[in-house]
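Engineer: sequence and predicted structure are below.
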Amino acid sequence: MRSEMKCDEIDEQRDQWIETLDDIEMCRLASSFRGGDQCTSFQPRKHGAFNVCFFVEFESPRERWVIRIPMPVNGLPKAVLDEKTEVELATMRYVSSKTTIPIPKVHAYAFSDTGPNGLPFIIMDYVDGQSLKDLGFSDVYVQLRQLEFPQIGALGLPSRDTPALSCSPEEIRVCNRPLSMDMVLQEIDGLEPGEVFPPKGTFPTAQDFVDGLLWMAGNMLEKEPDQKMDENEPGSILYAAHHFKRFIQDEWLDRSANEGPFVLADGFWLVHGDMDVVMSNLLFDKDYNLVGVIDWEWSRVVPAQLMVPPIWLIASTLDFVLLIQSSYNQQIRYLRAAVEEREKALGLPPLLSVEWAPLETCFLYIGETDLDGDSGAALHLCPNAGGILQHWGIHAGNFGACLMSRFIELAQDGQTLKDIDLTESNARWPHPWHLVHRAAFHQELKRVAVSEDGVGLPVKLFPKRRVSDVDPLLGVTLDDGTLVLADVLIGADGLYSRTRQAIIKSSPLFRTGKAAFRFVMPRSLAESDPTAAAPVVTQKDTLTIWFADDRRVVMYPCNNNEWLNFVCIHPDTESHTAPTDEWNRQASLDQVLHVFKDFDPRLKALFAKANPATIQVWQLLDMDKLPTWTSGKLALIGDAAHPCLPYQAQGGAQAIEDAAALAAVLPQGTPPEDVPDRLKLYESIRSERAHTVQHYSRVVGQNCVDGEPVVDMREFENYNFDHDEVAHAAAAFKQWEASRKEEISAAI
């Protein structure tokens, strides 16, 4: 972070120095390298941050040259100017001899010991090189990726006395430090980057190189003049720097390629330490053919991991790319396809196309929660959901699931209505019925989602972020104003869905007349008191329900039978809930005891052991059937599309089925333009079943008569449990694809 005053000072010095240069002298210099032929300037001089260029033209034969001189700004050592010049000469010579990438022809050069005013220069063609009209831009990437080296650094000549224009490319080697713009800026500011990046210093491993880059970042932070900051900013910067270093060393660095391959990359358009990626160094003719790649002074040999598609694919910067991955990924798809085609045409091994393949798909999770907290205490993974999870490689036994083996119904006074061993009946289902702690389930989902294992890239998480607006044709806007673009938008934001409002302007929720307390407690705490609902609490893998006419208590275990989960449903007027209450609204133990004052004293003794701080209450709301779940590239799943009341424990299962159907209709490689039609197909696959389960949940939730349910909770088990959504959705998608092909054939 260089001060504005420092930048102004450097700019003033640069402008003053440029004024000392004479256009006529530059023409004489060029003429001396073409037998004294006269030349004139054909356009005004130009300069960037580090070089000034003069443009001269010869009449006969007509040629246009560029004279490029590095600027000795703010006392930048001539040794560094010579270093930049050598790197550029060596790289241009090497690339032009090893590839067909169009490199401007060099006519003359000098180092500071022989150059005018004691400065190095390079004179080269203004525009020259092999046209890539028939090869395409992807050739540049393909051919650069084929150049591999044993060390990290920058190319150099065998010696400064070796003529660069006739030097054998086999003599050019990695013998210079990997010079970068950031390194030169630190030289200018007197920060001495040579402590770790000495001239002629190279790196044998990627780890050494990355350690050096991290040191250089810390060097700037430590040595640069203090900037104006508020009292909290220094600590925030140090904290961010510490965690960034840990991320780079522990997660980002590909240690499998620590000792190579190392590839040649032009610092300005494939990789740059400052991420200051520009496209002005790619020259095209009037027919948009690439005819020149210039400014190779920052070129260096780096780990292959750093050879990534250019950020200017979307004319943006790297930090913004992280939030608009969709546009970047779409351009990568096009570029990778061209790269793959050129590799095949040139008979080259598919290095770059394979390495860039994982970049095509990226999933973002944006939500107000971090997926690690206690959201809803516990839930059922019914057989219809468990099978899908196993298909995805998620096994309930890995996060403390309890097998649902017994079902007990009790009257409110504790008298037994039913006591059923489910061992035999559960054998009817293709997958087990589990009871799990919701937070543990979320953590397992998160672990699998962000893991490097499996198909595609790990999910990127943006937790604790609020979506303020949704555009079904574009993306979502976050609470800080950031626009996140995507090929597919999935609204999984529950009953109070914000994404639903982007599809249906009005979808009012309505009261069902019920609310529910929820809390958990350790089983050991319940078992320590023989008066507390014994012997029910001693039954493991068991779901127990106490019924009264207008209220019920549901208890079941989770976390390897070590915890008991309670859901206490009652008339909503008795807990003073409102439709606007949040899911995790705090309730009191006194409220619970009052609402269930007429229940078995042993159950109330069990309630009394609950930690009051953990008791929450929410109102059970419902919603009419939506006319559609999709719009453009936005689709709703779970309670956002078809909220389920808790009476059949199918809310989570139906959301999982939705996800399975989405996976079937949106396989990897789905063209973005097909997404809206695929999402409509997803809705058609899921709508009838999801709304049927939703209806059954309402039926089972009816008030009891004389303390007994009017509908057997298990009446709908066959429909609910004996369903394979993975197979169902795959078959529907296959049929849809066949029908679509027939339509296309008929149209042709």
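Structural biologist: Yep, that arrived. Residues are numbered from 1 along each chain as shown.
Engineer: quick one, grab the pLDDT at residue 14.
Structural biologist: For residue 14, the pLDDT comes out at 81.
Engineer: and the pLDDT at the spatially closest residue to it that is not a sequence neighbour?
Structural biologist: Of all residues not flanking residue 14 in the chain, residue 73 sits nearest, at 5.1 Å (C-beta to C-beta, 6 or more residues apart in numbering). (C-beta placed from N, C-alpha, C; glycine too.) According to the per-residue confidence, residue 73 scores 71 in pLDDT.
Engineer: burial count for residue 73?
Structural biologist: 17 (other C-beta atoms under 10 Å).
Engineer: what's the burial count for residue 55?
Structural biologist: Applying other C-beta under 10 Å, we find 20 other residues in the vicinity of residue 55.
Engineer: state the distance from the spatially closest residue to it that is not a sequence neighbour to residue 53.
Structural biologist: Take residue 55 and drop its neighbours on the chain: the residue closest to it by C-beta to C-beta, 6+ apart is residue 43, 4.8 Å away. From residue 43 over to residue 53 the distance is 10 Å, taken as C-beta to C-beta, to the nearest Å.
Engineer: per-domain residue ranges of this protein.
Structural biologist: Under the assignment named as automatic domain parsing, the residue ranges that make up the domains of the chain are 4-307, 371-462+508-623, 466-501+626-693+717-748.
Engineer: including distance to residue 708, could those domains go into JSON lines?
Structural biologist: Conversion of the domains of the chain to JSON lines gives the following (distance: least, C-beta to C-beta, whole Å):
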{"stretch": "domain 4-307", "distance to residue 708": "57"}
{"stretch": "domain 371-462+508-623", "distance to residue 708": "6"}
{"stretch": "domain 466-501+626-693+717-748", "distance to residue 708": "15"}
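Engineer: ok, which of these comes nearest residue 343?
Structural biologist: Ranking the domains of the chain by their distance to residue 343 (criterion: C-beta to C-beta) puts domain 4-307 first, at 5.5 Å.
Engineer: chain center to that closest one: distance?
Structural biologist: When C-alpha coordinates are averaged (C-alpha atoms, centre = their mean, to the nearest Å), domain 4-307 and its chain have centres 31 Å apart.
Engineer: for stretch 511-531, same thing?
Structural biologist: Taking mean C-alpha positions (C-alpha atoms, centre = their mean), stretch 511-531 and its chain are 39 Å apart.
Engineer: for residue 704, which of the domains of the chain is the nearest?
Structural biologist: Nearest to residue 704 among these is domain 371-462+508-623 (4.9 Å), distances taken as C-beta to C-beta.
Engineer: mean confidence for that closest one?
Structural biologist: Domain 371-462+508-623 carries an average pLDDT of 89.
Engineer: for the protein, what's the longest helix?
Structural biologist: helix 675-700 (DSSP state H).
Engineer: who touches the helix or strand that comes right after that one?
Structural biologist: Secondary structure here is assigned by DSSP states H and E; on that basis, the next helix or strand after helix 675-700 toward the C-terminus is helix 717-721. Helix 717-721 is contacted from outside by 382-384, 428-429, 433, 648, 650, 653, 692-693, 696, using C-beta atoms under 8 Å, 6 or more residues apart in numbering.
Engineer: could these go into a markdown table alongside neighbour count?
Structural biologist: A markdown table is the format used below for those (neighbours: other C-beta atoms under 10 Å):
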| residue | neighbour count |
| --- | --- |
| 382 | 26 |
| 383 | 23 |
| 384 | 26 |
| 428 | 11 |
| 429 | 19 |
| 433 | 26 |
| 648 | 25 |
| 650 | 25 |
| 653 | 26 |
| 692 | 14 |
| 693 | 22 |
| 696 | 21 |
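Engineer: please name whichever of the domains of the chain is nearest to residue 342.
Structural biologist: In terms of C-beta to C-beta, the element of the domains of the chain nearest to residue 342 is domain 4-307, at 4.7 Å.
Engineer: tell me the pLDDT of the residue lying closest to residue 683 once chain neighbours are set aside.
Structural biologist: Taking C-beta to C-beta, 6+ apart as the measure, residue 683 lies nearest to residue 629, with 4.7 Å between them; neighbours along the chain are not counted. Per-residue confidence at residue 629 stands at 97 (pLDDT).
Engineer: residue 629 contacts residue 635, correct?
Structural biologist: Yes - Residue 629 sits in contact with residue 635 when judged by C-beta atoms under 8 Å, with a separation of 5.9 Å.
Engineer: and the residue nearest the centre of the chain, how far is that from residue 396?
Structural biologist: Among the residues of the chain, the one closest to the centroid is residue 460, at 3.4 Å (C-alpha atoms, centre = their mean). For residue 460, the distance to residue 396 equals 26 Å [C-beta to C-beta].
Engineer: wait, residue 301 sits on residue 149?
Structural biologist: Yes - counting by C-beta under 8 Å, residue 301 does reach residue 149; the two are 4.7 Å apart.
Engineer: residue 353 - how many residues pack around it?
Structural biologist: Residues within reach of residue 353, counting by other C-beta under 10 Å, total 23.
Engineer: let me redo that: residue 12
Structural biologist: The criterion is other C-beta under 10 Å. On that basis, residue 12 has 10 neighbouring residues.
Engineer: what is the orientation angle of the longest strand along the chain with helix 675-700?
Structural biologist: Secondary structure of the chain per DSSP state E: the longest strand is strand 509-522. Per axes from the mean of the first three to the mean of the last three C-alpha atoms, to 10 degrees, the angle that strand 509-522 makes with helix 675-700 is 70 degrees.
Engineer: so which of the domains of the chain comes closest to residue 346?
Structural biologist: Of all these, the one in closest proximity to residue 346, counting by C-beta to C-beta, is domain 4-307 (6.6 Å).
Engineer: where in the stretch 601-748 of the chain is pLDDT low?
Structural biologist: 748 (pLDDT under 70).
Engineer: returning to that earlier point: the more surrounded of residue 629 and residue 635?
Structural biologist: Counting neighbours by other C-beta under 10 Å for residue 629 and for residue 635 shows that residue 635 has the greater number, 32 against 25.
Engineer: what pLDDT is listed against residue 481?
Structural biologist: Value listed for residue 481 in the pLDDT field: 74.
Engineer: and it, which of the three is it?
Structural biologist: Taking DSSP: H, G, I helix; E, B strand; the rest coil as the rule, one finds residue 481 in the coil state.
Engineer: run through the bridge partners of residue 155.
Structural biologist: Taking DSSP bridges, one finds residue 174 as the beta-bridge partners of residue 155.
Engineer: quick one: pLDDT of residue 310?
Structural biologist: Residue-level pLDDT assigned to residue 310 equals 58.
Engineer: ok, the one 4 residues further on next?
Structural biologist: Per-residue confidence for residue 314 comes out at a pLDDT of 46.
Engineer: one more: residue 219?
Structural biologist: 83.
Engineer: cheers, nothing more for now.
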